[in-house]
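1. Model the following, please.
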Amino acid sequence: MTPPMRTFPSVLFLAALALGASPVIPRETVLQIDPAQTKVEFALDSVLHTVHGEFRLKRGDIHFDPATGAAGGELVVDAASGASGTDARDSRMRKNVLESDRYPEIVFRPDRIDGKVASEGPSHVELHGSFSIHGAAHEISVPAEVQASGGQYTATAKFAVPYVKWGMKNPSTLFLRVSQQVDITIHTVARAK
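-> As a prediction, the model looks like this:
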């Protein structure tokens, strides 16, 4: 005797559970980053003082699977937008260090997120991925503090770029010595799509 049709969906549900399948398919989270609400700040120590400045984010999006942490997307920074408030210094940075005419973009492409991103409230995570600058890609992990509320995510990430080790020119002079790494802080706002 065949079961009545009203119980057929129940049979499928039980069969899925018996086979170990989850009746709920995890949904990928997609975040669109707002360039207008993003600050990419840098700080470079020298013997006299610390130079502070900013770069402009051109575009950005991140997508990730909350169940596995697998991630994708990219954050693209305009390498020629670096500004510290001194035109001559900024021109040297763009021309001699970043060579922004040859390498116009700085790109971070995440491949996984370590830790869980809460849909509401605070989270501490690490974004692992590839950081492309000056024509070469480098593997990095970036710690980030995230605050989620109503589909909006506010994040702050801090990391160091060892630019000399990564093949860029050190702008030090005979009388002015600067650090061989630059500290980056990103403040951003993203919305779930």
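
2. all strands of this structure, in order?
-> 29-33, 39-45, 50-64, 71-83, 105-114, 121-133, 136-149, 152-161, 182-192 (DSSP state E).

3. Report the spatially closest residue to residue 149, excluding sequence-adjacent ones.
-> Nearest non-adjacent residue to residue 149, counting by CB to CB, 6 or more residues apart in numbering: residue 120, 6.4 Å away. Any C-beta I mention is one placed from the backbone N, CA and C, and that applies to glycine too.

4. Pretty sure the one you found sits against residue 151.
-> No: in this structure residue 120 lies outside contact range of residue 151 using CB atoms under 8 Å: 9.6 Å.

5. neighbours around the residue nearest to residue 172 when sequence neighbours are not counted, how many?
-> What sits nearest to residue 172 in space, not counting adjacent residues and going by CB to CB, 6+ apart, is residue 178, at 5.2 Å. The local packing of residue 178 (other CB atoms under 10 Å) involves 18 other residues.

6. and if you look at residue 148?
-> Using other CB under 10 Å, residue 148 has 19 neighbouring residues.

7. who are the neighbours in contact with it?
-> Residue 148 makes contacts with 117, 118, 119, 120, 121, 122, 123, 154, as judged by CB atoms under 8 Å, 6 or more residues apart in numbering.

8. Now pLDDT too, for those, in JSON lines please.
-> Formatted as JSON lines, the contacts of residue 148 follow (pLDDT from 0 to 100):
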{"residue": "117", "pLDDT": "93"}
{"residue": "118", "pLDDT": "92"}
{"residue": "119", "pLDDT": "90"}
{"residue": "120", "pLDDT": "95"}
{"residue": "121", "pLDDT": "96"}
{"residue": "122", "pLDDT": "98"}
{"residue": "123", "pLDDT": "96"}
{"residue": "154", "pLDDT": "97"}
